[in-house]
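*Asks:* Please work out how this folds:
(one chain, ligands or ions: 3)
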Amino acid sequence: MTSFFEEETTLFADLILPVPIPSLFTYRVPREMTALIKVGARVIVQFGQKRVITAVVARLHSNPPVKYQAKYILELLDEQPIVTTRQLELFNWVSEYYLCNIGEVLNVALPAGLKITSQSRIQLNPEFQYEELLTEQEKLVVDDIKKHQTLSYEEVERLLQKSNITAIIKSLVGKRAVILYEEVKERYKPKVARKIRLTSTYLTNDSLGKLATSLDKTPKQQEILLKYLSYIPVYNNPDLNQKGLDKSIFTQDDGVSDASLNTLIKKGIFEQFEIFISRFDDIPTGNMGAITLTDSQIQASREIHDHFKDKEVVLLHGITGSGKTEVYIELIKQVLESGSQVLFLLPEIALTTQIVVRLRKVFGDVMGIYHSKFSDNERVEVWKGILDGKFQFVVGVRSAIFLPFDNLGLIIVDEEHETSYKQHDPAPRYNARDVAVIMSYMHKGKTLLGSATPSLESYYHAKSGRYGLVEMTQRFGNAALPTFELIDTKKEKKQKKMKNEFSSVLVDHLQLNLKNKEQTILFQNRRGYSPYLQCEECNWISECANCDVSLTYHMKVSELRCHYCGHKEEVPRTCPNCGSSKVKTMGYGTEKIEDEINLMFPEARVQRMDLDTTRAKNAYQQIIQEFEDGGIDILVGTQMVSKGLDFDNVSMVGIFDADRIIHFPEFRASERAFQMLTQVSGRAGRRADKPGKVLIQTANPSQKLLERIVTNDYHGMYESEIIEREKFSYPPFTRLIKVTVKHIDEAVSNRAAKILAEKLTANLGASRVLGPQPPLVERVRNQFLFDILIKLEREKINFKAAKSFIQEKVIDTLTDKTLKSIQVVIDVDCL
Ligand code: ADP
Ligand code: ZN
Ligand code: ZN
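*Replies:* Ligands and ions are numbered 1, 2, ... in the order given. The predicted structure follows:
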């Protein structure tokens with residue numbers, strides 16, 4: 001009986017497919033795979049009619065699915081798991097907490113290089129007989145397939161010198177001349193270096209001598225040999241030959257041709273071989289990392305250690321320039337020595353620069369870097385490097401949280417207040433800082449959050465004792481915090497002293513700074529030349545056709561652009577509404593500031609740093625480098641200029657439009673304004689011998705928040721804000737879930753949102769459900785949006801149950817036949 005049963009047992013695998021479907025899918029494991037397949041390995045399966053996709057094994061068992069006939073797994077890609085069980089646990093947690101599908105989590109987690117793509121190929125139908133039916137072009141294709149067995153689409157395109165060949169292929173398929181099939185391709189390619197070395201025959205001095213003479217008649221070949229020996233003195237030390245020499249050294253050389261080298265290889269004198277090399281080799285490593293910690297850094301390290309004895313999370317609140325990096329480094333070293341892994345998270349933009357170079361100097365090759373501007377191949381290398389144990393330490397952006405760690409001792413989240421840790425779109429809408437805390441917990445490790453301007457949430461947890469709190473209040477080397485000056489733009493306007501956007505005070509200081517050869521950062525948190533165009537005659541305003549926002553004027557490229565949907569238009573010469581030529585730019589962005597500086601100070605070297613100037617892979621880094629090297633006098637930028645940068649020679653920061661930041665219509669505006677303005681101010685005066693100055697232009701210098709920024713009074717800001725938050729039930733006292741309904745018909749969208757809100761209110765109560773109301777920008781990409789904001793108290797409420805309830809009601813609404821094709825997005829812990 002037993003043996004009969006065993007015979008019949010088939011293995012099934014529950015797979016995570018990287019697609020937005022709510023459940024795992026069960027596939028049948030082919031017999032020849034059963035001994036090899038493991039949880040965490042990638043497999044290839046057919047999904048739907050045509051698609052072939054990569055999936056990851058989440059579970060193996062022997063229960064066939066009830067509702068459908070399981071298909072066979074087509075291929076097993078990994079002998080060893082590439083997703084760890086800890087990761088599977090985490091993916092699950094993320095999908096449950098953020099109310100999304102686990103496939104969506106897998107999709108952001110796996111670098112594209114680990115996902116397999118399929119490519120259609122064309123082969124001849126062996127039963128095809130009617131060649132006379134083919135057109136001339138089709139015949140060409142068929143003949144070529146006969147020559148090559150199979151062709152890819154691109155090959156057919158090249159053959160016919162046409163870019164659209166689908167019609168021809170379709171016709172060929174229709175005539176049953178060819179068959180299409182999917183070939184699976186792995187995208188990741190390790191980077192290799194081609195090398196050459198002497199074959200073993202020539203490793204004795206005797207044979208080497210003879211060889212050299214024998215090449216007398218072929219001077220080019222002799223030259224190659226001598227050059228090789230000059231790099232690798234084999235006659236002194238034959239072992240050196242093993243490592244060989246880059247082939248490119250010979251082929252790049254003018255005098256020596258490829259041909260000669262190839263002849264030497266053919267003759268069996270040299271042999272070729274390849275080695276895998278790391279893609280991170282061009283970031284310098286070295287042992288110049290030794291730094292002595294200051295007393296306050298030692299003190300901070302000690303306190304962190306003490307807190308970790310009984311707390312899972314510690315918040316390091318250290319003012320800008322207090323030297324937090326060195327405290328991190330000390331801690332990372334200790335954790336690595338204990339044999340555990342470390343993950344260091346940074347906001348996207350801060351990652352390409354100084355701090356990475358600093359860390360690499362200390363940690364060298366055990367450190368992997370995970371960044372979205374890196375290629376897929378580089379990301380796969382980090383992924384595999386962690387699995388192999390090559391990288392014990394990874395510095396990365398938010399998605400690095402999904403790397404295959406199995407033994408994390410510590411996660412550091414630097415600049416923990418940064419909103420870029422939150423992914424807005426697509427799902428999973430996770431916050432990497434919060435996931436880090438959970439993940440450390442799963443690994444029984446610790447989390448260190450660091451910031452000069454902590455988020456209210458984290459500071460609240462620290463104050464209430466949930467997190468440990470460590471504060472550093474001195475800048476390194478006794479450098480002073482910058483002094484502030486608030487410039488009253490209202491007053492200057494009255495006195496007619498403003499030059500466009502520039503107050504006379506700012507202009508004077510710019511002049512002085514240029515004269516003293518000191519650097520300046522100018523901050524305007526808005527890119528483009530001006531946020532809109534307006535007609536003076538009829539008040540027409542440039543607006544996006546797809547969204548309810550004005551189109552930003554970009555002067556350099558002479559375009560109007562929508563910052564929401566990317567829509568672009570030519571700049572109208574006259575008003576499209578009334579034909580008047582009095583179309584003016586209104587408001588100002590970084591481009592205009594840059595432009596005006598160039599007019600006022602033609603001799604100054606000005607550079608702009610915003611999304612528009614940093615799209616290319618290394619652009620950001622190049623600007624930073626140039627600024628560091630003193631090649632730029634004035635750097636104009638958006639908040640990009642504030643992210644963790646450390647410059648020696650910046651003695652002044654000028655801030656435009658502080659009021660717009662402070663009065664942004666949002667409950668977090670004060671907190672954000674404090675963070676943003678403090679961070680950008682913190683770029684000034686980081687050396688003890690060069691005190692810094694910050695000039696803030698405002699129409700209302702007596703605002704309380706400005707006073708708090710000027711006096712670096714984080715605690716004051718915190719105390720007054722936290723009272724407001726409690727009073728109006730906002731985080732950290734509640735958790736916010738935003739449900740957004742979208743539809744191209746405003747009425748449908750509105751009705752659906754109202755129905756959903758009513759359903760939610762019925763159970764949650766009116767005080768917990770706000771809206772529906774349109775967001776600031778009511779229409780984006782032609783969809784009308786309505787937000788419902790749900791506030792759930794941290795205590796008292798069963799968060800999980802409440803979320804299930806919300807999800808249920810959302811599904812009800814989505815499947816309501818009277819509400820056709822609406823979309824609903826749920827954002828848990830929305831920002
Ligand atoms: P934070 O991140 O807290 O703003 P940083 O870590 O960037 O500050 O440190 C500020 C500056 O002080 C950096 O230039 C750093 O190299 C320097 N620094 C910090 N600690 C030390 C130390 N112990 N010895 C020498 N230089 C230090
Ligand atoms: Zn007009
Ligand atoms: Zn738009």
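*Asks:* residue contacts, R660?
*Replies:* N525 (C-beta atoms under 8 Å, 6 or more residues apart in numbering). Placement of C-beta: from N, CA and C, glycine included.
*Asks:* Report the secondary structure element holding it.
*Replies:* Here R660 sits within helix 658-662, counting by DSSP states H and E.
*Asks:* Now do the buried residues in that helix.
*Replies:* A658, D659, I661, I662 (16 or more other C-beta atoms under 10 Å).
*Asks:* How about stretch 561-573?
*Replies:* Buried residues in stretch 561-573 (16+ other C-beta under 10 Å): R561, C562, H563, C565, H567, V571.
*Asks:* Counting neighbours, what do you get for the residue nearest to E793 when sequence neighbours are not counted?
*Replies:* Leaving aside its sequence neighbours, E793 sits nearest to T734 (C-beta to C-beta, 6 or more residues apart in numbering; 5.5 Å). Around T734 there are 19 other residues, counting by other C-beta atoms under 10 Å.
*Asks:* got it, and I122?
*Replies:* Using other C-beta under 10 Å, I122 is surrounded by 23 other residues.
*Asks:* now L99
*Replies:* L99 is flanked by 19 other residues according to other C-beta under 10 Å.
*Asks:* V769 now?
*Replies:* V769 has 23 nearby residues by other C-beta under 10 Å.
*Asks:* Please apply the same query to the one 10 residues further on.
*Replies:* The tally of other residues near R779 (other C-beta under 10 Å) stands at 21.
*Asks:* For it, list the residues it contacts.
*Replies:* R779 neighbours (C-beta under 8 Å, 6+ apart): N546, C547, D548, E746, L785.
*Asks:* can you pick the most crowded of these?
*Replies:* L785 (24 neighbours).
*Asks:* can you tell me how far that residue sits from ligand 1?
*Replies:* From L785 across to ligand 1, the span is 38 Å (C-beta to the nearest ligand atom, to the nearest Å).
*Asks:* quick one, what contacts that residue?
*Replies:* Here L785 is in contact with T740, V741, K742, S749, P774, P775, V777, E778, R779 (criterion: C-beta under 8 Å, 6+ apart).
*Asks:* of these, buried ones?
*Replies:* Buried among the contacts of L785 by 16+ other C-beta under 10 Å: T740, V741, K742, S749, P774, E778, R779.
*Asks:* Could you list which of the residues you listed belong to helices?
*Replies:* S749 (DSSP state H).
*Asks:* Please report how far C538 lies from C578.
*Replies:* 4 Å (C-beta to C-beta, to the nearest Å).
*Asks:* Just the element for E808, please.
*Replies:* helix 799-814.
*Asks:* Phi, psi for the residue in the stretch 651-800 of the chain that ligand 1 sits nearest to please.
*Replies:* When scored by C-beta to the nearest ligand atom, the stretch 651-800 of the chain has R686 as its residue closest to ligand 1, at 6.0 Å. Here the main-chain torsion angles of R686 (degrees, to the nearest 10) amount to phi -90, psi 0.
*Asks:* Which pLDDT does the model give it?
*Replies:* Reading off the confidence values, R686 has pLDDT 77.
*Asks:* And the one 10 residues further on, by the same measure?
*Replies:* Model confidence at I696, given as pLDDT, is 97.
*Asks:* That one: which element?
*Replies:* Per DSSP H and E, I696 falls inside strand 693-698.
*Asks:* Give me the residue ranges of the protein where confidence is low.
*Replies:* Within the chain, the segments meeting pLDDT under 70 span 1-8, 49-50, 116-119, 182-190, 252-257, 277-289, 349-352, 644.
*Asks:* how's it carved up into domains?
*Replies:* Domains of the chain are assigned by automatic domain parsing as 2-114, 117-185, 192-276, 295-477, 483-526+590-723, 530-587, 734-828.
*Asks:* between the ones you listed, which gets nearest to ligand 2?
*Replies:* With C-beta to the ion as the measure, domain 530-587 is the member of the domains of the chain nearest ligand 2 (3.0 Å).
*Asks:* Name the residues of stretch 153-162 that come out as buried.
*Replies:* Of the residues in stretch 153-162, E155, V156, L159, L160 count as buried by neighbour count, 16+ other C-beta under 10 Å.
*Asks:* Pick out the most distant pair among those.
*Replies:* E155 and L160 (9.8 Å; C-beta to C-beta).
*Asks:* Mind checking what secondary structure V66 has?
*Replies:* coil (DSSP: H, G, I helix; E, B strand; the rest coil).
*Asks:* From T9, how far off is it?
*Replies:* For V66, the distance to T9 - C-beta to C-beta - is 17 Å.
*Asks:* Those two: which has the busier surroundings?
*Replies:* Remark: of V66 and T9, T9 carries more neighbours, 10 against 6, as counted by other C-beta under 10 Å.
*Asks:* residues in contact with the closest residue to that one other than its chain neighbours?
*Replies:* The spatially closest residue to T9, leaving aside those adjacent along the chain, is S62, at 5.3 Å (C-beta to C-beta, 6+ apart). Shown in contact with S62 (C-beta under 8 Å, 6+ apart): T9, T10, L11, F12.
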